[in-house]
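Q: Below: sequence and its predicted model.
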Amino acid sequence: MYIYEHKIRVRYAETDQMGYVYYGNYAAFYEEARTAMLRNTGISYKKLEEMGIMLPVSELQCKFIKPAHYDELLTIKTIIKKAPGVSICFDYEVYNENKQLINKGMTQLVFVDKVRNKPCRPPSIFTEKMATYFQY
């Protein structure tokens, strides 16, 4: 299992008329946390793309527990529970400044060969980075 925490401060533009974070922004929060997590492993989205691998989202789940508000500092815990194969699943837990769980989510992404436009196994450099956390 691999766990990474990322902090995001809610901007005014991300809130709705009620003063809550607009629901559609959670997907962007997940993406920012996921990108930071991958960068932290030493292999970024950009590097994967340069290697001819794309990672489109095939599934998104989002459960709202409590609202987030303007200027709150949120902590997004991103978790990979299972060794990545052709797909990789990220679970998310979003906490407010009081350390209360306010949102849970999941995205599943698929490794896709850019040239063939077909699902593929992750590149060996990626599985090597993940080997510290998973048995392959």
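A: Yes, it's here.

Q: Can you tell me the closest non-neighbouring residue to the residue positioned nearest the centre of the chain?
A: Relative to the mean C-alpha position of the chain, the nearest C-alpha, by Cα atoms, centre = their mean, is the one of Arg34, at 2.7 Å. Closest residue to Arg34 apart from its sequence neighbours, by Cβ to Cβ, 6 or more residues apart in numbering: Phe90 at 5.3 Å. Using the backbone N, CA and C atoms, a C-beta is placed for each residue, glycine as well.

Q: In terms of helices and strands, where is the one you found?
A: Secondary structure assigned from DSSP states H and E places Phe90 in strand 87-95.

Q: so what strands line up beside that strand?
A: When sheet partners are counted by DSSP bridges, strand 87-95 sits next to strand 73-80 (antiparallel), strand 101-110 (antiparallel).

Q: got a pLDDT number for the residue nearest to Arg34?
A: The pLDDT attached to Phe90 in the predicted structure is 98.
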